[in-house]
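Participant: coordinates only, sequence not included:
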């Protein structure tokens with residue numbers, strides 16, 4: 001099943017906001033309904049593919065079956081951009097100026113290699129497409145003519161090594177299917193980002209993803225042991241042992257490369273035993289500062305649970321993940337809510353839980369039982385659907401994230417909130433800015449911000465200065481421009497500043513070796529190198 005073309009996920013799961021919530025948005029933020037443009041995908045005018053017949057024939061010949069090359073309007077629209085709020089607002093307005101010229105569905109590593117050779121010869125850009133969940137402009141290259149390489153046919157579990165506890169997947173396998181295959185054998189990958197239901201294994205690697213249970217299972221880049229990449233110059237393989245001192249780890253060049261250095265065609269990952277039990281509970285803290293200090297204590301000194309998250313006062317009170325409770329002001333919404341989760345055997349969970357309780361109680365926390373944790377677990381993938389409902393109601397809703405060392409976190413938190421509030425208020429649309437700590441490490445943590453405001457006259461233009469201000473605040477406070485969403489085009493200029501001029505030249509040199517014609521997702525991640 002394809003994702004909703006004008007929003008997120010399964011169309012059957014889309015639901016409007018309750019009337020009380022739309023009234024609250026109107027009264028607090030001045031949100032009013034808007035005309036969203038074309039009501040159906042067939043109403044969007046699409047230009048003809050700019051590719052010549054000779055180029056189309058050459059590309060089709062790489063795929064075995066001509067049906068695996070598609071130029072119909074609907075398929076091309078469904079592969080236009082990603083799922084950021086600006087992406088959705090533009091597609092809802094019928095804007096498809098950066099639509100792919102064709103969509104290709106390769107079925108093997110060799111077919112991807114053949115396609116990339118033809119793209120290089122014909123100067124056609126190639127954009128790998130997994131679940132289409134990018135929210136940073138990762139699917140909109142700086143090239144007027146490009147093809148999308150939809151990897152959905154490459155969806156196999158290639159191997160399972162139960163002795164070493166590793167599995168090798170093709171890149172187009174969606175996360176729920178990968179998890180189901182592993183669960184049948186008693187294993188789990190343990191990677192559950194908010195995009196879980198639609199994202200793919202290859203996408204996780206390409207964007208350096210981090211899941212909601214990262215405190216226990218680690219980030220996806222920590223799970224990857226081996227990787228195979230198709231490039232215009234041939235096959236690139238990295239990783240033949242769990243760890244190595246044989247030079248720099250070249251896997252790390254591929255992880256997070258977003259298709260700019262090659263197309264990932266297989267990924268070998270480490271596995272964990274399927275947990276016997278999953279337990280989630282809520283903890284309340286008097287302030288975000290107090291809650292963050294408690295999380296830091298667990299991250300640095302242990303015991304460390306599998307899931308560890310903390311919402312600030314605004315996010316806790318608003319209850320963004322639960323529309324029926326937005327603005328309720330209920331006693332449970334006071335202070336800051338943390339979610340703590342344990343996944344493993346019953347005995348290990350209880351041992352960890354006992355230690356966590358001792359630490360959090362000493363840090364001023366109050367355990368409020370399993371109901372908040374179970375509610376979070378039940379709705380952990382629902383936020384993008386809520387974003388769609390907010391857009392439908394005329395609100396603007398977007399997210400951004402970053403990470404920093406613990407000592408820099410307070411300044412980062414205040415700086416980004418202030419930048420967003422000032423920029424959107426100056427535009428006449430004062431926002432609600434919410435934040436939570438979503439991933440913790442011994443030395444720091446990530447901050448995930450959610451912004452809701454009225455859309456303004458031009459919603460996309462309305463957001464651009466606020467996003468720019470937030471990015472500037474992130475760098476000024478010592479944060480990284482992206483913790484797990486990737487770079488794309490939205491963050492590329494700030495990433496270049498973060499990496500530094502020499503770091504950028506190193507990446508450009510690597511890209512020049514792997515992709516001399518510059519056809520791999522041009523302008524994404526790596527600034528285009530001009531002669």
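Facilitator: Good, I have the coordinates. This structure is a prediction, so every number in the text was calculated from the model and none was measured.
Participant: which intervals of the stretch 301-450 of the chain have sub-threshold pLDDT?
Facilitator: 320-333 (pLDDT under 70).
Participant: give me that answer again for 50
Facilitator: Across the stretch 301-450 of the chain, the stretches falling below the confidence threshold (pLDDT under 50) are 321, 323-324, 327, 329-331.
Participant: can you give me the strands in it?
Facilitator: 307-311, 336-344, 366-369, 395-405, 432-440, 444-454 (DSSP state E, counting those that start in this stretch).
Participant: Now that we have those, can you turn them into TSV and tack on distance to residue 389?
Facilitator: Glycine gets a C-beta too; all of them are placed from N, C-alpha and C. What follows is the strands of the stretch 301-450 of the chain, written out as TSV (distance: least, CB to CB, whole Å):
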stretch	distance to residue 389
strand 307-311	20
strand 336-344	22
strand 366-369	27
strand 395-405	9
strand 432-440	15
strand 444-454	12
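Participant: between those strands, which gets nearest to residue 125?
Facilitator: Ranking the strands of the stretch 301-450 of the chain by their distance to residue 125 (criterion: CB to CB) puts strand 395-405 first, at 26.7 Å.
Participant: who wins for proximity to residue 499 among the strands of the stretch 301-450 of the chain?
Facilitator: In terms of CB to CB, the element of the strands of the stretch 301-450 of the chain nearest to residue 499 is strand 395-405, at 15.4 Å.
Participant: by how many degrees do the closest one and strand 432-440 diverge?
Facilitator: Interaxial angle, strand 395-405 versus strand 432-440 (axes from the mean of the first three to the mean of the last three CA atoms, to 10 degrees): 40 degrees.
Participant: can you tell me the helix or strand for the residue lying closest to residue 121 once chain neighbours are set aside?
Facilitator: Spatial nearest neighbour of residue 121, chain neighbours left out: residue 58 (7.7 Å); criterion: CB to CB, 6 or more residues apart in numbering. Here residue 58 sits within helix 53-61, counting by DSSP states H and E.
Participant: And the average pLDDT for that helix is what?
Facilitator: pLDDT averaged over helix 53-61 equals 97, rounded to a whole number.
Participant: on contacts alone, who are the packing partners of it?
Facilitator: Under the contact criterion of 3 or more CB pairs under 8 Å, 6 or more residues apart in numbering; DSSP states H and E, helix 53-61 touches strand 69-70, strand 102-104, helix 109-122.
Participant: and of the ones you listed, who's closest to residue 407?
Facilitator: In this view, these are compared for proximity to residue 407 by CB to CB, and helix 109-122 is the closest at 44.4 Å.
Participant: contacting residues around that closest one?
Facilitator: With contacts defined as CB atoms under 8 Å, 6 or more residues apart in numbering, helix 109-122 is touched by 55, 58-59, 62-64, 104, 106, 124-126, 147, 149, 228, 230-232, 234-235, 263, 265-266, 515-517, 519-520.
Participant: could the helices and strands packed on helix 53-61 go into a markdown table alongside mean pLDDT, distance to residue 179 and mean neighbour count?
Facilitator: Formatted as a markdown table, the entries for the helices and strands packed on helix 53-61 read as follows, by pLDDT from 0 to 100; distance: least, CB to CB, whole Å; neighbours: other CB atoms under 10 Å:
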| stretch | mean pLDDT | distance to residue 179 | mean neighbour count |
| --- | --- | --- | --- |
| strand 69-70 | 98 | 29 | 20 |
| strand 102-104 | 98 | 27 | 23 |
| helix 109-122 | 98 | 23 | 20 |
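Participant: want to try TSV for these, with distance to residue 243 as columns?
Facilitator: Below are the helices and strands packed on helix 53-61 laid out as TSV (distance: least, CB to CB, whole Å):
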stretch	distance to residue 243
strand 69-70	41
strand 102-104	36
helix 109-122	26
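Participant: out of those, which comes closest to residue 257?
Facilitator: Evaluated with CB to CB, the helices and strands packed on helix 53-61 place helix 109-122 nearest to residue 257, the distance being 14.6 Å.
Participant: for the lengthiest helix in the chain, packing partners?
Facilitator: Identified as the longest helix of the chain according to DSSP state H is helix 492-514. In terms of contacts (3+ CB pairs under 8 Å, 6+ apart), helix 492-514 is packed against helix 459-476.
Participant: who touches stretch 399-413?
Facilitator: Outside stretch 399-413, the residues that touch it by CB under 8 Å, 6+ apart are 135, 288-289, 292, 296, 312, 387, 416, 435, 438-439, 443-451, 467, 470, 473-474, 477-485.
Participant: filter the residues you listed to the buried ones?
Facilitator: Buried by 16 or more other CB atoms under 10 Å: 135, 288, 292, 296, 312, 387, 416, 435, 438-439, 444-451, 467, 470, 473-474, 477-485, out of those.
Participant: distance between stretch 446-456 and the chain's centre?
Facilitator: Between the mean C-alpha point of stretch 446-456 and the mean C-alpha point of its chain there is a distance of 16 Å (CA atoms, centre = their mean, to the nearest Å).
Participant: what's the angle from the helix holding residue 58 to helix 109-122?
Facilitator: Here helix 53-61 runs at an angle of 170 degrees relative to helix 109-122 (the same axes, to 10 degrees).
Participant: how deep is residue 139 tucked in, by neighbour count?
Facilitator: 29 (other CB atoms under 10 Å).
Participant: so who does it touch?
Facilitator: For residue 139, the contact set (CB under 8 Å, 6+ apart) comprises 79, 80, 81, 82, 127, 129, 132, 148, 488.
Participant: Restricted to strands, list those.
Facilitator: Helix and strand membership here follows DSSP state E; of the contacts of residue 139, those in strands are 127, 129, 148.
Participant: possible to save those residues as CSV with neighbour count, pLDDT and distance to residue 113?
Facilitator: Output for the ones in strands among the contacts of residue 139, formatted as CSV (neighbours: other CB atoms under 10 Å; pLDDT from 0 to 100; distance: CB to CB, whole Å):
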residue, neighbour count, pLDDT, distance to residue 113
127, 26, 98, 16
129, 27, 98, 17
148, 26, 98, 17
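Participant: out of those residues, who's nearest residue 423?
Facilitator: Distance to residue 423, by CB to CB, is smallest for residue 127 among the ones in strands among the contacts of residue 139, at 30.5 Å.
Participant: That closest one and residue 316, how far apart?
Facilitator: In this view, residue 127 and residue 316 are 39 Å apart by CB to CB, to the nearest Å.
Participant: Repeat that for residue 206.
Facilitator: From residue 206 over to residue 316 the distance is 33 Å, taken as CB to CB.
Participant: More neighbours: which of the two?
Facilitator: Neighbours of residue 206 and residue 316, each counted by other CB under 10 Å, are more numerous for residue 206; the result is 30 against 24.
Participant: Nearest residue to the more buried one in space, please, no chain neighbours.
Facilitator: The spatial neighbour of residue 206 that comes closest, neighbours along the chain excluded (CB to CB, 6+ apart), is residue 258 at 5.3 Å.
Participant: That neighbour against residue 490, yeah?
Facilitator: No. Between residue 258 and residue 490 there is no contact under CB atoms under 8 Å: 11.5 Å.
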